[in-house]
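Predicted model follows, preceded by the sequence.
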Amino acid sequence: MDVVVTGAAGFVGSCLSRRLLAEGHRVFGLDLLIDRYDPSHFERRLRDLRGHPGFRFVRGDLCDPEALRAVFALGAPKAVVHLAALASVRASLADPPAYGRVNMMGTMNVLEAARAHGVTHVVVASSGSVYGADTPVPFSESAAADRPLSPYGASKRAMELAAWSYAHSFGMDVTVLRLFNVYGPYGRPDMMPFQWSVAIDQGRSLTLYAGGRLKRDWTFVEDTLDGIVAALGKPGGYRLYNLGRGEPVENLRFVRTLERLLGKTAHAVEVPAPATEQTQTWADIGRARAELGFEPKVSVEEGLERFVAWLRDEGLVGV
């Protein structure tokens, strides 16, 4: 099957592209390669994809209809996995309109391009950030999710509403996946697991909000991919799923595990949590388990061991 993957040079997008290629699909990737961090990370993710005969790539902007037409014209795609977005809760405070433009309008453009090209199924990546602070835990897909704490969370919720409108108005199969705290090889350097690992390795201080007591539903990337691939294979109107491990872990435990794996002590600076931070994220994965067969397998300890091994292989931390 031909699949369009937006954000194909990103963390999850590049990992998904490898998985789909290994399963015999052709992947048509789109990514703007924005300069929010060192471009060597994009090249690292793309290096083994570029040489694959089933992979073709367009550098372009979600907000440019011509770029979208170019990637859809590469073949006869039957599905789209829309992962491209402006990410980061905290970064969204600096430029909220950009998050609305890229995440909301960009998603509308992807949905419209899919409709125009007769694509039968669109999978849209959302975030556990949509739940905000007032949702009872574990977070259920039936919760209102109408009080996100950041422009990023709000833009992701807007993406979900756009997805619903296309499924309802045009009879498209659209699946929305709320991803929870994904980490692992090829991860973004601006995400906490990467930042903490490098800080510990280099003896630099790291920031721990609320003394590390915040809890996150850390989900290893391979488990997330299992959920995405399962959703891709089960279209059916509008569907919404949480994809997390379903086991919140204190950030302090996460850092202590990194200390053990790196053989060094973290120099943690404790600061109050900003208003954008959820006290905890915790996915109720009952629906995904029942309908997709989703069953996360990788514990935080195993996932971090594999992550640190990859960092060492890439020369990003010391041996």
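Looks like it arrived, so ask away.

rest of the way, CA atoms for contacts and neighbours
Noted.

lowest confidence element among the helices and strands of the protein?
helix 40-50 (a mean of 91; mean pLDDT, DSSP states H and E).

in that one, what's buried?
41, 42, 45, 46, 49 (16 or more other C-alpha atoms under 10 Å).

Just give me the closest of these to residue 162.
residue 42 (28.5 Å; C-alpha to C-alpha).

What sits closest to that closest one if chain neighbours are left out?
residue 9 (5.6 Å; C-alpha to C-alpha, 6 or more residues apart in numbering).

moving C-terminal of the helix or strand harbouring residue 207, what's the next helix or strand?
Assigned by DSSP states H and E, residue 207 belongs to strand 205-209. Using DSSP H and E, the helix or strand that follows strand 205-209 in sequence is strand 215-216.

Quick check: residue 316 vs residue 185, distance?
Distance, residue 316 to residue 185, by C-alpha to C-alpha, to the nearest Å: 11 Å.

how about the helices in the stretch 1-150 of the chain?
11-22, 40-50, 65-72, 96-99, 106-116 (DSSP state H, counting those that start in this stretch).

where among these is the average confidence lowest?
Note on the helices of the stretch 1-150 of the chain: helix 40-50 shows the lowest mean pLDDT, a mean of 91.

and the top helix by length along the chain, which residues are buried?
In the chain, with assignment by DSSP state H, the single longest helix is helix 151-170. For helix 151-170, burial by neighbour count (16+ other C-alpha under 10 Å) applies to 151-160, 162-167.

chain center to the one helix or strand residue 255 maps to: distance?
Element membership for residue 255 (DSSP H and E) is helix 251-262. Centroid displacement of helix 251-262 relative to its chain, using C-alpha atoms, centre = their mean, to the nearest Å, is 22 Å.

ok, now stretch 300-319?
19 Å.

what's the average pLDDT for it?
Computed over stretch 300-319, the average pLDDT equals 96.

and the angle for the least confident helix or strand of the chain with helix 11-22?
10 degrees (axes from the mean of the first three to the mean of the last three C-alpha atoms, to 10 degrees).

element containing the nearest residue to residue 150 once chain neighbours are set aside, please.
If the residues on either side of it in the chain are set aside, residue 150 comes closest to residue 276, at 5.5 Å by C-alpha to C-alpha, 6+ apart. Using DSSP H and E, residue 276 sits within no helix or strand.

What residues does the residue nearest to residue 42 make contact with?
29, 30, 31, 33, 42, 43, 45, 46 (C-alpha atoms under 8 Å, 6 or more residues apart in numbering).

For the third one, give its distance to residue 207.
Distance from residue 31 to residue 207, counting by C-alpha to C-alpha: 31 Å.

between the two, who's got more neighbours?
More crowded of residue 31 and residue 207, by other C-alpha atoms under 10 Å: residue 31, with 23 against 17.

Now do the same contact list for residue 200.
206, 258, 259, 262, 264, 265, 266, 267.

Can you add pLDDT and neighbour count and give those residues back as CSV?
Shown next, in CSV, are those (pLDDT from 0 to 100; neighbours: other C-alpha atoms under 10 Å):
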residue, pLDDT, neighbour count
206, 95, 19
258, 98, 25
259, 98, 17
262, 98, 21
264, 97, 14
265, 97, 14
266, 97, 22
267, 96, 15
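
Kindly indicate which of these lies nearest residue 57.
residue 258 (35.0 Å).

Residue 304 versus that closest one, what's the distance?
Residue 258 is 7 Å from residue 304, by C-alpha to C-alpha.

Residues in contact with both of the two, list them for me.
With C-alpha under 8 Å, 6+ apart as the test, residue 258 and residue 304 reach no residue in common.

Contacts for the helix or strand hosting residue 310, please.
Taking DSSP H and E as the criterion, residue 310 maps to helix 300-313. Applying C-alpha under 8 Å, 6+ apart, the contact partners of helix 300-313 are 183-185, 197, 218-220, 254, 257-258, 261-262, 317-319.
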